[in-house]
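In: build the 3D model from these lines:
(2 chains)
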Amino acid sequence: MTDATSNGPTARAKKEHGSLLVQDALTKRRNASERRFRAYGLTAIGIGVAALILLLTSILSQGLPAFQQTFVTLDVVLDEAKLDKKGNRNIDEIKKVTTFGYAPLIKNGLKSRMEELNISIDGLSDKDAGGIISKEAAGQLRRYVIANPDEIGNSVEFRFLANGRIDGYYKGRVTMQSAERDNNVSPQQLQLADALKDGGALVTRFNWDFITKADASENRPEAAGIGVAIIGSLYMMMIVLVLALPIGVAASIYLEEFAPQNWFTDLIEVNISNLAAVPSIVYGILGLAIFINYGGLPQSAPIVGGLVLTLMTLPTIIIATRASLKSVPPSIRAAALGVGASRMQSVFHHVLPLAMPGILTGTIIGLAQALGETAPLMLIGMVAFVRDFPSAPPEGFFDPASALPVQVYNWTTRADPAFVERASGAIIVLLMFLLCMNMIAIILRRRFERRW
Amino acid sequence: MNDMRHLERTADTKDIKISARNCQVHYGDTHAIKDVSVELEDKTVTAFIGPSGCGKSTFLRCLNRMNDTIDICRVEGDILLDGEDIYDKRVDPVQLRAKVGMVFQKPNPFPKSIYDNVAYGPRIHGLARTKAELDEIVENSLRRGAIWDEVKDRLDAPGTGLSGGQQQRLCIARAVATEPEVLLMDEPCSALDPIATAQVEELIDELRERYSVVIVTHSMQQAARVSQKTAFFHLGSLVEYDETGQIFTNPKDPRTESYITGRIG
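Out: As a prediction, this is how the structure comes out:
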């Protein structure tokens, strides 16, 4: 800057541009702002990654135990005097014995196992001892006997679920201290469980039943599974895929390639964009009003859920499909028309294959969105407690079912902390499904892209 | 006046392939082509020259109804191909385009194999009944496109992987594969380097034996090199249409003269 005072052409040139070795004020400001922007970007990514890690660790730490379950192995004597008084193995008469009739057998089995292992715990009544076995056990035993009436009179080894609190004891949810204050579990029961574990009669192992079995009642969280919810979600995804993909793709092809450009198509276009922004619960009300109240379809059925989710997914698919159709260079269409292809041939032979990766991505994003949707399903009654598996499709589409996100919601509203663990487990399964769908999207996209 | 008679004489000696009468094209409110009447001869290369935006490409696209794909475009007047009005209601543009092929400014091979690029037209028009016939059509077309020797060993390779000049010749091969009678070329060399341009120009000259070729070009040298007849467009009107030699050596209209001497355009 001192040069500014000196005269002559060289001095003036230096004044105007300065030395290249020194950054002038403007360049410094520009560089500083660029550095700031990069810092913002990195911070944003950092926050995103941190949030993701936090989410995953929280869900995994809470949810992974749901896949483990504590079981108690007992030898149960199927007493003929109690199960089949007349001894004629008549299945109808065996069925008359309720689960209350089976409960003592389990207690006796536990007692004999305790004697076998020389377990005696002070202040533990027989009733409390039996309480470490899940209430589900009697039902399990009864189903077994009805399926195998010939086994009556024999001693059979069973693996029963342990009570949710006992299970929680091995997952750190219940401690000796908390058990003292808890009406549902006593420290003596936990001691018994520990003793059984030492004797090898109590094990914690992977629990397939969580994935395959149906939901269970409020007071037996250990037996609750997501089988019905998985089937319900699967059925709904099938319906959404079968309906939304062809309708959405056909609509977008027509709008993008064939429709004349006028006020009517503009109106449709604006409305499709608006529909994509409509809150999902509104679709639920729509489904309730149209499909259930007016159309007479059953409540809680995957068919209604599928239809509602189809309506919800359609705008997403249409927008994604149109965007990918639009991104196909017009020269390809011109080339096809130029060799005498009809408009339809040019679309189906050339434009659509090129747009396929985008369409598939859009569809799978739409499906993933639909898979995680809870609000509209609650309005059409899918939040109900469903114990029975829906039958195979297509009849199964009309049977009551649950859905994964609704199941998660349902469990988080229940009192027993064991259900929080199961809800997190269900979220993991849901995330796995989403991950699989994204993988499929990527694989399909790769496959189509390789065909250039 | 002498020259006018000259034009009539040549027109008599050769068949008229396409004749346009009082053709008008509107894009919405814009009057893009104003009252163009022209007669294009068979087995001749006709060049359309003129400054950018003069309507030469628009007029070319009228000849195979490519303008139909643009909603706001209206075409009036008659365009006759072998005496039949191509804008008649009974004419299916798809059939017309099989007869009047087109090569575009930018090489636009389909993102498929070289073989499929050429075979596509014959396939959709049902020109081949067997695979062997199709193979033959593909080979002949690629030979006519003067690209056979370069690609015969890699017909399965993607057409988009060729160089620009090869892609354009592939597009020409694709256009001739449907056995058109007229070949329209919209600035086919504008995206090519001089060597590729020379190859394509040579090819155009060979194509003249079988087809009526109409080429739009920005390069007056190119028009002079490849065409027998030249039409000069200016601001949507056909200013002058004559033997190429006449246009370049002895233009009648002062606007043509200004253009070819580089004063306008």
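
In: now do the contacts for the residue nearest to the spatial centre of chain B.
Out: The structure's chain B has its C-alpha centroid closest to B:Leu184; by C-alpha atoms, centre = their mean the separation is 1.7 Å. With C-beta atoms under 8 Å, 6 or more residues apart in numbering or on different chains as the criterion, the residues that contact B:Leu184 are B:60-61, B:63-64, B:100-103, B:214-215. C-beta: built from backbone N, CA, C; applies to glycine.

In: now swap in A:Asp122 and tell me
Out: Contacts here follow C-beta under 8 Å, 6+ apart; on that basis A:Asp122 touches A:Gln188.

In: ok so, going back, in helices only, show me the contacts of B:Leu184.
Out: Secondary structure of these is defined by DSSP state H; positions in helices are B:60-61.

In: with respect to chain A, which of the contacts of B:Leu184 is nearest?
Out: When the contacts of B:Leu184 are ranked by distance to chain A (C-beta to the nearest C-beta), B:Met102 comes first, at 3.9 Å.

In: who's in contact with the nearest residue to the closest one once chain neighbours are set aside?
Out: Spatially, and ignoring its direct neighbours in sequence, B:Met102 is nearest to A:Gly338 (3.9 Å; C-beta to C-beta, 6 or more residues apart in numbering or on different chains). By C-beta under 8 Å, 6+ apart, A:Gly338 lies in contact with B:64, B:66, B:97, B:101-104, B:175.

In: turn those residues into TSV, including pLDDT, neighbour count and distance to B:Pro254.
Out: Supplementary listing: these in TSV, determined by pLDDT from 0 to 100; neighbours: other C-beta atoms under 10 Å in any protein chain shown; distance: C-beta to C-beta, whole Å:
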residue	pLDDT	neighbour count	distance to B:Pro254
B:Asn64	87	28	33
B:Met66	86	24	33
B:Arg97	88	25	38
B:Gly101	89	27	36
B:Met102	90	26	33
B:Val103	90	27	33
B:Phe104	90	20	33
B:Ala175	90	29	37
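
In: all strands for the stretch 51-200 of chain B, in order.
Out: Read by DSSP state E, counting those that start in this stretch, the stretch 51-200 of chain B holds these strands, from start to end of the chain: B:73-81, B:84-85, B:100-103, B:182-186.

In: need these in JSON lines (columns: distance to B:Lys229).
Out: Written out in JSON lines, the entries for the strands of the stretch 51-200 of chain B read as follows (distance: least, C-beta to C-beta, whole Å):
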{"stretch": "strand B:73-81", "distance to B:Lys229": "17"}
{"stretch": "strand B:84-85", "distance to B:Lys229": "22"}
{"stretch": "strand B:100-103", "distance to B:Lys229": "17"}
{"stretch": "strand B:182-186", "distance to B:Lys229": "14"}
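
In: for A:Tyr235, find the nearest of these.
Out: Proximity of the strands of the stretch 51-200 of chain B to A:Tyr235 was assessed by C-beta to C-beta; the nearest stretch is strand B:73-81, lying at 49.5 Å.

In: what's the angle between the closest one and strand B:182-186?
Out: Calculated by axes from the mean of the first three to the mean of the last three C-alpha atoms, to 10 degrees, strand B:73-81 forms an angle of 140 degrees with strand B:182-186.

In: wait, isn't A:Gly287 in contact with A:Leu307?
Out: Yes. Using C-beta atoms under 8 Å, A:Gly287 makes contact with A:Leu307 at a distance of 6.4 Å.

In: return the set of buried residues in stretch A:379-388.
Out: By 16 or more other C-beta atoms under 10 Å in any protein chain shown, the buried positions in stretch A:379-388 come out as A:379-383, A:386.

In: name the residue of the stretch 51-200 of chain A that lies nearest to chain B.
Out: With distances taken as C-beta to the nearest C-beta, the stretch 51-200 of chain A approaches chain B most closely at A:Leu52, which sits 36.2 Å away.

In: can you pull the pLDDT of that residue?
Out: What the model reports for A:Leu52 is a pLDDT of 95.

In: assign a three-state SS to it, would you?
Out: The three-state label given to A:Leu52 by DSSP: H, G, I helix; E, B strand; the rest coil is helix.

In: what residues does the stretch 1-150 of chain B put near chain A?
Out: For the stretch 1-150 of chain B, the residues in contact with chain A under the definition C-beta under 8 Å from any C-beta of the partner chain are B:64, B:66, B:69, B:71, B:94-95, B:97-99, B:101-104, B:106, B:108-112, B:120-121, B:124-125.

In: picking that back up, next, format the contacts of B:Leu184 as JSON lines and append distance to A:Glu256.
Out: Compiled in JSON lines, these are given as follows (distance: C-beta to C-beta, whole Å):
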{"residue": "B:Leu60", "distance to A:Glu256": "26"}
{"residue": "B:Arg61", "distance to A:Glu256": "22"}
{"residue": "B:Leu63", "distance to A:Glu256": "27"}
{"residue": "B:Asn64", "distance to A:Glu256": "23"}
{"residue": "B:Val100", "distance to A:Glu256": "27"}
{"residue": "B:Gly101", "distance to A:Glu256": "26"}
{"residue": "B:Met102", "distance to A:Glu256": "23"}
{"residue": "B:Val103", "distance to A:Glu256": "26"}
{"residue": "B:Val214", "distance to A:Glu256": "31"}
{"residue": "B:Ile215", "distance to A:Glu256": "32"}
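
In: which stretches of the stretch 151-300 of chain A form helices?
Out: Chain-ordered helices for the stretch 151-300 of chain A, with DSSP state H, counting those that start in this stretch as the definition, fall at A:164-170, A:176-181, A:187-198, A:209-212, A:227-253, A:263-276, A:280-287.
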